[in-house]
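# below: sequence and its predicted model.
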Amino acid sequence: MTGQATWLDQARDAHRRGDAAAETAALDGAIRADRGNIAAMLAMAELKRRLADDRAAGSFYRLALGTAAQAQSIPPALHPGLQRAEQFLAATERAYADHLLSQLRGAGIDAASAAPRVAAALRMLAGEQPLYLQQPSMFYFPGLAQRPFFDRADFAWVDAIEAATDAIRAELLALIDHAADRFGPYVTASADRPPPNNPLLDKPDWGAAWLWKDGAIADGIDMLCPAALAALSLAPQPVIPGRAPLALFSRLTPGTHIQPHHGMLNTRLICHLPLVVPDGCGLRVGAETRHWAEGELLIFDDSFEHEAWNRGTSDRTILLFEIWRPDIDADEREQLTRIFSAIDSYSEQ
């Protein structure tokens, strides 16, 4: 306490004398002597603001906020200073972005006219768009492009699957009419595991009728949905015993919202073939929102944060399946298959 009183008294005395150099020296000594001295960091930031050195003020405010985030408790007396720090940083970051965007607009570059990737960078710079990256919940494979959506025109097999849309939709409607019990809740709990913290747990709002599950064709589905299975055979689906292929009719009832979440892996892409899509349905992956169009595949990386909703008045149903990412070569696919099989074999013990 004596040391703190000493630097504080010295800093206050220097401030009263108008001796900025002495005040700076007292605060600098306090920070160097105690790397957790948030009060001294805030005082230094305030001094830099009075000296019109906003960059230095920002650096000390960031140091104070970062130190506070690691502290077990913060004295209430410091709360107003930390709030001022947050407000100052928000204002200076906005001013910085406004300055840069103004300069760029003068050069004829803005988010409305720029190339898509440049436009996204400008939106992030301006704080209008968060930075979304792959964050798989189970397994991360490095070196892959950070790309939420993939262009269906880049895949040679897409046309053939889309051409089967009418036949697949007919099988879906027959399934609904004659084998409705094929649909069950998508989100379920394992018998010997804690239930997932998901508001759709055991609810039919997000329904699944499985075609492939855990690497095997669902019992009897080959008789009910031959066109769907034939179409799926054209895609580069992973083949991993006990795990893949994976394919299902995924149904969202009106008013259903799948909350933002991340998929388990970034080694795969998720494909949606829209079969029955009312107005008011959408899918967000990362910062980009798209809407399903019947018969046109949507292909995306579900290791990005994503969510989906049905704000329409009738069910939305798609054919959902997974494929290998095209930027993973054959040798890597074989090795990854062995890795996933080893993971699964351990979990079964």
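Yep, that arrived. Numbering: from 1, shown residues only.

# helices along the stretch 201-349 of the chain, start to end?
Here the stretch 201-349 of the chain has its helices, by DSSP state H, counting those that start in this stretch, at 221-224, 226-232, 330-347.

# deepest-packed of the ones you listed, please.
A comparison of the helices of the stretch 201-349 of the chain by mean neighbour count, using mean count of other Cβ atoms under 10 Å, puts helix 226-232 on top with a mean of 19. To be clear about C-beta, it is placed using only N, CA and C from the backbone, and glycine gets the same treatment.

# counting contacts, what elements does it pack onto?
Judged by 3 or more Cβ pairs under 8 Å, 6 or more residues apart in numbering; DSSP states H and E, helix 226-232 is in contact with helix 158-163, helix 165-178, strand 206-213.

# need those in TSV (columns: mean neighbour count, mean pLDDT and distance to I38).
Converted to TSV, the helices and strands packed on helix 226-232 look like this (neighbours: other Cβ atoms under 10 Å; pLDDT from 0 to 100; distance: least, Cβ to Cβ, whole Å):
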stretch	mean neighbour count	mean pLDDT	distance to I38
helix 158-163	16	98	56
helix 165-178	16	96	60
strand 206-213	21	97	46
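
# for A11, which of the ones you listed is the nearest?
Among the helices and strands packed on helix 226-232, strand 206-213 comes nearest to A11, with 59.6 Å by Cβ to Cβ.

# ok, the spatially closest residue to L298 that is not a sequence neighbour - contacts?
In space, and not counting its chain neighbours, L298 is closest to H272: 4.4 Å by Cβ to Cβ, 6 or more residues apart in numbering. For H272, the contact set (Cβ atoms under 8 Å, 6 or more residues apart in numbering) comprises 250, 283, 292, 297-300, 318-320.

# one more: R50?
With contact set as Cβ under 8 Å, 6+ apart, R50 has these partners: A20.

# against D331, how distant is it?
Relative to D331, R50 is positioned 62 Å away (Cβ to Cβ, to the nearest Å).

# got it, and M124?
For M124, the distance to D331 - Cβ to Cβ - is 35 Å.

# show me where pLDDT drops low in the stretch 201-349 of the chain?
Where the stretch 201-349 of the chain drops to pLDDT under 70, the residues are 347-349.

# what about the strands in it?
Using DSSP state E, counting those that start in this stretch, the strands of the stretch 201-349 of the chain run over 206-213, 216-217, 247-252, 257-261, 268-276, 281-285, 288-290, 298-300, 306-310, 316-324.

# all set now, cheers.
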